[in-house]
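Enquirer: need a structure here:
(one chain, ligands or ions: 1)
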Amino acid sequence: MGLFNPASFAKEAVASISEQVAGRGVIAASGGVDSMAAAVLASRALGERLLAVHVDTGYMRLDESQAVGLMLNEMKVNHRVVDASDRFYAALEGVTDPESKRRRIGEQFIRVFEEEARTFDAEWLVQGTIAPDWIESGGGLRDTIKSHHNVGGLPEDMEMELCEPLRELYKDEVRALAEHLGVSVAQRQPFPGPGLAVRVMGEATRERTALVRQACHIVEQEIEAAAGAREMDMPWQYFAVLLPVRTVGVQGDVRAYGHTIAVRAVQSYDAMTAQASEMPWAVQQRISRRITNELKEDINRVVYDVTDKPPGTIEWE
Ligand code: XMP
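Expert: Next up is the predicted model:
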C-alpha cells in the first residue's frame, strides 16, 4: 500500500462528488465507520442536497441510534433518524430461522429506506462500499453488494444512480480517513447488519431483544474496562447471546427457572478465522454477577463460549 494521505483524499473526494452528483442524494447511515465517512464526505460536497437516513431497526445496541443522530448532528450532516422498530418486530414475529431473520430485516430495511429516499426526491444513492466489499465477489455492481450488508440486495427497480466515494479504500485507510474527518466511531468493534436479532436465539421479540441489549452493554463495559486496566487483551469482537435454554436456579430462597446468556469474545484479523479470547476469571465473574443481578428477573445463568472459528462462527446465528 502506498502512503495514504487522508487530507488530500478527502479534498479530492469532495470535489469529485460535487462534480458527479447533480441533484439530491441519500445515504443509509448505519453508524459504522464506512457509512459515516461516506456521509461526511458527501455532505461536504452536497450540503442540504444530501440526506443521511439512519434506520433504528429495534435491533441496535443500547443508545446506539441516539448516538448516531448526535454524531450526524455534530458533523453537520443533514439527516433523519427513523424509528421503525415496530415494523421490524412485526416482520420477525414467529420467525426463528437465522437466514429468514436476515432476509426479513433486509426487506424491511429497504422498504423504510426507499420511503425516505422518495420523500426527499433523491436521484443518487451514496454508499460506503469499500474495496474488499467488491473485489472478492467480482460480479456486477449489484451482485457485489454483499447480501449481509445493511442495504443488502437493493431492488432492481431502485432508480437511483450510485456514488461510492470509498470504493478504492481498504479498512485501515477508511479508519485513517474517518479520524481525519473527526468521525468518532473510527475504532469501534464490528457489528452485524441484522444487529441484535442474530444474538437472540429463536424469536427476536422486543422483550427478548431488550435483555440481550442490556447483556451486550454489560459485556462491553466490563471488557473495555478490563482491557483499559490491562487485565486482558482487547478482543476483536465481544458480545452476549440470549439462549432459549431455561435452567433451574435459586433467587433468595425461592426456586427460579430463568434464561441463559452466553458471553462471546474473540480475537481475529479478518473475521474469516477467530480464536476465543482468553478472559481472566475475575472478569468473567464480574460479567456473570452483573448480568444475573441487573437482569435477575429473567437471567439466572451465564456461560462463556470457548469455541474457535472454525468450527464455530463468531455469531451464534
Ligand atoms: P460469523 O458469525 O460468520 O461472522 O463468523 C463474521 C463477521 O461478520 C459479522 N456478521 C455479519 N455482518 N451481516 C453483517 O453485516 C450479517 O448478517 C452478519 N453475520 C455475521 C459478525 O459479527 C462477524 O464480525
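Enquirer: buried ones in stretch 114-126?
Expert: Buried residues in stretch 114-126, counted by 16 or more other C-beta atoms under 10 Å: Glu114, Glu116, Ala117, Phe120, Ala122, Glu123, Trp124, Leu125, Val126. Glycine gets a C-beta too; all of them are placed from N, C-alpha and C.
Enquirer: hey, C-alpha coordinates of that stretch in PDB?
Expert: Output for stretch 114-126, consisting of C-alpha atoms alone and laid out as PDB, is shown next (Å, rounded to 0.1, in the frame of the first residue of the first chain):
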ATOM      1  CA  GLU A 114     -36.800   3.700  -0.100                       C
ATOM      2  CA  GLU A 115     -39.700   5.600   1.500                       C
ATOM      3  CA  GLU A 116     -37.300   8.200   2.900                       C
ATOM      4  CA  ALA A 117     -35.400   8.500  -0.400                       C
ATOM      5  CA  ARG A 118     -38.700   9.100  -2.200                       C
ATOM      6  CA  THR A 119     -39.900  11.800   0.100                       C
ATOM      7  CA  PHE A 120     -36.600  13.500  -0.400                       C
ATOM      8  CA  ASP A 121     -36.700  13.200  -4.200                       C
ATOM      9  CA  ALA A 122     -33.300  11.600  -4.200                       C
ATOM     10  CA  GLU A 123     -31.800  10.700  -7.500                       C
ATOM     11  CA  TRP A 124     -28.500   9.500  -6.200                       C
ATOM     12  CA  LEU A 125     -27.600   6.800  -3.700                       C
ATOM     13  CA  VAL A 126     -24.400   7.300  -1.900                       C
END
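Enquirer: Identify the residues contacting that stretch?
Expert: 17, 21-27, 38-39, 42, 50-51, 53, 80, 82, 154-155, 158, 160-165 (C-beta atoms under 8 Å, 6 or more residues apart in numbering).
Enquirer: Which PyMOL command selects the buried ones in the residues you listed?
Expert: For anyone working in PyMOL, the buried entries among those, judged by 16+ other C-beta under 10 Å, can be selected with:
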select buried, resi 17+21+24+25+26+27+38+39+42+50+51+53+80+82+154+160+163+164+165
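Enquirer: Secondary structure added to the buried residues of stretch 114-126, as TSV?
Expert: Conversion of the buried residues of stretch 114-126 to TSV gives the following (DSSP: H, G, I helix; E, B strand; the rest coil):
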residue	secondary structure
Glu114	helix
Glu116	helix
Ala117	helix
Phe120	coil
Ala122	coil
Glu123	coil
Trp124	strand
Leu125	strand
Val126	strand
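Enquirer: just these now: which is nearest Ile291?
Expert: Proximity of the buried residues of stretch 114-126 to Ile291, judged by C-beta to C-beta, is greatest for Glu116, which lies at 36.4 Å.
Enquirer: For the stretch 101-250 of the chain, which residues are neighbours of the ligand?
Expert: When proximity is defined as C-beta under 6 Å from any ligand atom, the stretch 101-250 of the chain approaches the ligand at Arg102, His148, Pro190, Pro192, Gly193, Pro194, Gln237.
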